[in-house]
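Q: need coordinates for the below:
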Amino acid sequence: MRIVLVHPLIPPNTGSIGRLCAATGTPLWLVAPLGFSLEDRYLKRAGLDYWPWIDLHVTEDLSEALDVPGRPWLFTTRTERSFFDVTYAEGDALVFGTETTGLADAVLDAWPEHHVRIPMDNPKIRSINLAQCAAVALYEARRQIGRQ
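A: Numbers count the residues shown, from 1 in each chain. Now for the predicted structure:
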């Protein structure tokens, strides 16, 4: 299992996700360009002093982040399929796009059968925070594969 952030923009979100990954032993892949420096103080602050325990990978090529066994699950608001309605397996990637626009059409078009969304009851809310999405998704996937 791994989390892949494609072109993240907001340092505290990535820092919080890094902290989540450190706590769970989940590799974190960042696909550049990033909207911040890895030396950003807000990124470091959100991740606290846990950065040494983050299995961090930075690449400019999404295919490199996905070039391991497992399927990519693309989180998007542009599908009706709930992330609860799929079966996760070891090695799967939980893939999230930039905070402002989500995943690019080209990325979504490459894996049309792997789109999932986190359901929300209020239609006036476009999305929830990226760090919250990553946490909810990771813990559901872990629950399914028996890593509790």
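Q: for the residue at the greatest distance from the centre of the chain, what are its contacts?
A: Distance to the chain centre peaks in the chain at Lys124, reaching 23.2 Å (criterion: C-alpha atoms, centre = their mean). Applying C-beta atoms under 8 Å, 6 or more residues apart in numbering to Lys124 gives no contacts. C-beta: built from backbone N, CA, C; applies to glycine.
Q: mind checking what secondary structure it has?
A: coil (DSSP: H, G, I helix; E, B strand; the rest coil).
Q: which residues of the chain score low on pLDDT?
A: Applying pLDDT under 70 to the chain flags the ranges 40, 42-43, 45-48, 148.
Q: all helices for it, in order.
A: Assigned by DSSP state H, the helices in the chain fall at 11-24, 41-47, 62-65, 105-110, 130-144.
Q: what is the burial count for the closest residue to His7 other than its chain neighbours?
A: Leaving aside its sequence neighbours, His7 sits nearest to Thr98 (C-beta to C-beta, 6 or more residues apart in numbering; 4.5 Å). Applying other C-beta atoms under 10 Å, we find 19 residues neighbouring Thr98.
Q: before we move on, the earlier item: out of the helices of the chain, which comes closest to Trp53?
A: helix 11-24 (4.1 Å; C-beta to C-beta).
Q: next one: the closest one to chain centre, how far?
A: Put simply, helix 11-24 sits 10 Å off its chain's centre (C-alpha atoms, centre = their mean, to the nearest Å).
Q: and it, what does it pack onto?
A: Counting by 3 or more C-beta pairs under 8 Å, 6 or more residues apart in numbering; DSSP states H and E, the packing neighbours recorded for helix 11-24 are strand 2-6, strand 28-31, helix 41-47, helix 130-144.
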